[in-house]
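Visitor: Sharing a model prediction with you, sequence too.
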Amino acid sequence: MKLNEITDNPGATKARIRVGRGIGSGKGKTGGRGVKGQKARTGVAIKGFEGGQMPLHRRLPKRGFTPPSSKNYNEVNLGRIQEAVSAGKLPADAAVTIETLLAAGVVTKRRDGVRILGVGEISAKLAFEVAGASKSAVAAIEKAGGSVKLLNVVAEAAAEA
C-alpha cells in the first residue's frame, strides 16, 4: 500500500451541496435562503431581532436588584465543625480559618470567607478567625470556652481610620 492509494471506505463521505447551480439541483436560484430581504444577503445574524416587533427580552418585566458589592460566604454550622474535630480532620489547638476548613474538607471553595451559624452543638474549645458569625454561634463557641475574631469588622475599621 502506498500513501497515494489510501482512500476512505465507500459511503464514508458525502459530496457537499453546491447551492445556486440551477433549478434542477433543488438548491438553485436563491440557494436555500428563501427570497429577498436582509437575511437573504451574506453576513447577517441579528440576535434577538424580531422583524420590528418588540423583542421578547424587552417585553418581559425586569425585577429586582443585584448589589454589585454583595458578599458570597461559605455558611458552616457548628455541628459540622464539631464533626470535623471529632474525626481528627480539624486540629483543636490551631485557629479555625478558611485555610484550615479547606484543608479539613469542611468547605470546598474560598468564596468571600466563612460565616459560622449556630445549628448543632460544639464541645471543642476553638479559636475562630472568620468573616462572620451569628449571635447564637458566638454564644455557643464562648460557652464551650472558645473565642471568635471577626475579620471583616477589623478590615472595615482599618479602612475607616
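Guide: Great, that's in hand. Residues are numbered from 1 along each chain as shown.
Visitor: Give the phi and psi angles for the closest residue to residue 132 other than its chain neighbours, as a check.
Guide: Spatial nearest neighbour of residue 132, excluding adjacent residues (Cβ to Cβ, 6 or more residues apart in numbering): residue 115 at 4.0 Å. In this view, the C-beta of every residue, glycine as well, is placed from N, C-alpha and C. Backbone geometry at residue 115, expressed as degrees, to the nearest 10, gives phi -120, psi 130.
Visitor: and if you look at residue 141?
Guide: Main-chain dihedrals, residue 141, degrees, to the nearest 10: phi -70, psi -40.
Visitor: list the contacts for it?
Guide: Going by Cβ atoms under 8 Å, 6 or more residues apart in numbering, residue 141 touches 78, 116, 122, 126, 128, 133, 147, 148.
Visitor: Try it again at 6 Å.
Guide: Contacts for residue 141 (Cβ atoms under 6 Å, 6 or more residues apart in numbering) come out as residue 148.
Visitor: again with the one 3 residues further on
Guide: With contacts taken as Cβ under 6 Å, 6+ apart, residue 144 has the following neighbours: 122, 123, 125.
Visitor: Nearest to residue 11 among these?
Guide: Out of the contacts of residue 144, the one with the shortest distance to residue 11 is residue 122. That distance is 69.8 Å, counting by Cβ to Cβ.
Visitor: Wait, that closest one touches residue 83, no?
Guide: No: judged on Cβ atoms under 6 Å, residue 122 makes no contact with residue 83 at a distance of 10.1 Å.
Visitor: Look at residue 85 and give its secondary structure.
Guide: helix (DSSP: H, G, I helix; E, B strand; the rest coil).
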